[in-house]
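>>> quick one: sequence and predicted model below, then my questions.
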Amino acid sequence: MSATSFYNDQARTPRRFSRNRLLYLIVSLYILVVSAIGLMVGQPLFTQTMTGLLTMGLTLAPTFLLVLYIWHFFNLAVIVRPERPIQRFFGDMRAGVLDGDKILNGTLALIAMVFFFSTFNFAKDKITYFQPFVWDSYFADLDRILHFGRAPHEWLYPLFGTPLATTALNAAYHFWFFLMYFLVFMACYDRRSRAQSTAFLFAVVICFVFGGNILATLLSSAGPVYYQEMGFGTDYVPLMDMLYRFNEISPVWALHVQEMLLEAHHMGGAIKGISAMPSMHVATTVVMTCYLFTWRRWAGWLMVGFTTIIMIGSVHLAWHYAVDGYLAIPVALVSWWLGQKLTRLVTVTPEPGETA
């Protein structure tokens with residue numbers, strides 16, 4: 001190796017490892033703030049949830065990699081169509097495995113995101129220490145005002161008021177979890193459209209902090225599923241009775257999760273964090289939609305449809321008032337805009353094979 005080449009490599013190394021430094025800084029500050037809040041309420045932040053998420057990440061990583069490789073092969077064979085797709089596919093796989101810079105930076109970013117998500121879950125569970133659930137009746141009334149005197153789920157009943165339709169909505173609602181973490185995984189290791197992937201990671205963090213912590217505390221509400229339990233009345237008992245009847249015919253998995261969250265709220269448990277306003281399912285799906293529009297327009301339009309399904313499912317499954325989703329949309333769009341602004345602050349000259 002020549003002296004010039006060695007010098008250039010050394011000059012690039014700090015830049016490579018500083019690629020996600022603003023993300024690390026934001027996550028670190030967030031963990032410090034939440035740790036301080038935990039000490040204030042007498043419940044220090046601990047790593048049990050983080051360990052669980054790391055274990056889950058290690059479990060899901062092979063699945064995510066498999067999905068990425070399947071898609072890459074399909075893209076080569078059907079869209080790119082090189083002369084020798086199989087040889088090109090294995091060449092790309094080998095290049096990815098040998099790209100230590102990509103693997104190291106991606107893994108560090110992924111670890112940062114895992115610690116962020118676990119800290120967010122801890123903070124979300126502390127909402128009622130600062131603001132009890134007081135907004136539910138207002139949001140329920142606002143829902144009826146905006147929907148011509150009827151609750152939104154009543155308008156949805158003719159289309160989705162069957163056991164099979166409810167199960168389908170629930171399956172899509174749970175698929176959100178896989179899709180969210182898959183796209184975070186993909187963005188951490190992406191080098192071809194690094195600026196947009198970095199913007200996505202920033203936007204996810206901003207969306208969860210601003211929407212899922214700050215606004216969720218200021219507008220603290222439990223959601224229709226817990227409306228009666230929190231002492232607001234019996235307005236949503238017919239909806240819950242319908243979901244339990246449907247569950248006897250076709251599975252409604254949301255009911256089990258809702259029961260676990262309620263038990264954890266009263267008695268403590270591994271899964272915690274009741275919060276309705278704004279809907280983070282809707283907000284993060286909108287952020288994912290913005291991200292996928294930068295990748296392929298058809299993928300973005302598919303996500304528009306998926307966002308609509310998530311919005312409908314959030315109401316039909318009694319997780320949210322419709323207004324929770326309406327507020328989530330501007331929260332997500334502002335988060336995406338801020339994510340792009342932050343990305344411009346840290347964008348560096350692309351390495352070979354990358355785009356800024």
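Received the coordinates, thanks.
>>> which parts of stretch 133-143 are buried?
Using 16 or more other Cβ atoms under 10 Å as the test for burial, stretch 133-143 gives 133, 135, 136, 137, 139, 140, 143. Every C-beta, even on glycine, is put in place using the N, C-alpha and C of the backbone.
>>> okay, that stretch in CSV with CA atoms only?
Only the C-alpha atoms of stretch 133-143 are listed here, as CSV (Å, rounded to 0.1, in the frame of the first residue of the first chain):
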residue,chain,number,x,y,z
PHE,A,133,-55.8,9.7,31.6
VAL,A,134,-58.0,12.7,31.4
TRP,A,135,-58.6,13.3,27.7
ASP,A,136,-60.6,10.3,26.7
SER,A,137,-64.1,11.7,27.0
TYR,A,138,-63.0,14.8,25.0
PHE,A,139,-61.5,12.7,22.2
ALA,A,140,-64.6,10.5,22.1
ASP,A,141,-66.8,13.6,21.8
LEU,A,142,-64.6,15.1,19.2
ASP,A,143,-64.8,11.8,17.2
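>>> pLDDT (mean, whole number) over it?
Averaging pLDDT along stretch 133-143 gives 96.
>>> find me the pLDDT at residue 121, would you?
Reported pLDDT for residue 121: 86.
>>> mind checking which helix or strand it is in?
helix 100-124 (DSSP states H and E).
>>> check which element follows that helix along the chain.
Next helix or strand after helix 100-124 toward the C-terminus (DSSP H and E): helix 127-130.
>>> distance from the helix or strand following that next one to the middle of the chain?
The first helix or strand that comes after helix 127-130 along the chain, using DSSP H and E, is helix 136-146. Helix 136-146 sits 26 Å away from the centroid of its parent chain (Cα atoms, centre = their mean, to the nearest Å).
>>> before we move on, what about stretch 30-49?
21 Å.
>>> what's it in contact with?
With contacts defined as Cβ atoms under 8 Å, 6 or more residues apart in numbering, stretch 30-49 is touched by 115, 116, 118, 119, 121, 122, 123, 126, 129, 205, 209, 270.
>>> nearest to residue 158, of those residues?
For the contacts of stretch 30-49, the residue nearest residue 158 by Cβ to Cβ is residue 121; the value is 36.6 Å.
>>> kindly reformat the buried residues of stretch 133-143 as JSON lines containing distance to residue 38.
Below are those laid out as JSON lines (distance: Cβ to Cβ, whole Å):
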{"residue": "133", "distance to residue 38": "21"}
{"residue": "135", "distance to residue 38": "24"}
{"residue": "136", "distance to residue 38": "26"}
{"residue": "137", "distance to residue 38": "30"}
{"residue": "139", "distance to residue 38": "28"}
{"residue": "140", "distance to residue 38": "32"}
{"residue": "143", "distance to residue 38": "34"}
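>>> surely residue 139 is in contact with residue 277?
Yes: taking Cβ atoms under 8 Å as the definition, residue 139 is a contact partner of residue 277 at 6.3 Å.
>>> which neighbours do those two have in common?
Common contacts of residue 139 and residue 277 (Cβ under 8 Å, 6+ apart): 221, 321, 323, 324.
>>> so which of those sit within strands?
Nothing among these maps onto strands, per DSSP state E.
>>> can you tell me which two in the residues you listed are farthest apart?
Across the shared contacts of residue 139 and residue 277 (Cβ to Cβ), the longest gap, 9.7 Å, separates 221 and 323.
>>> these two: who's more crowded?
residue 221 (29 against 25; other Cβ atoms under 10 Å).
>>> list the contacts for that one?
For residue 221, the contact set (Cβ under 8 Å, 6+ apart) comprises 133, 134, 135, 136, 139, 275, 276, 277, 321, 324.
>>> returning to that earlier point: make a markdown table out of the contacts of stretch 30-49 and add neighbour count.
Listed next are the contacts of stretch 30-49 as a markdown table, based on neighbours: other Cβ atoms under 10 Å:
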| residue | neighbour count |
| --- | --- |
| 115 | 20 |
| 116 | 25 |
| 118 | 22 |
| 119 | 25 |
| 121 | 19 |
| 122 | 23 |
| 123 | 25 |
| 126 | 19 |
| 129 | 14 |
| 205 | 23 |
| 209 | 20 |
| 270 | 10 |
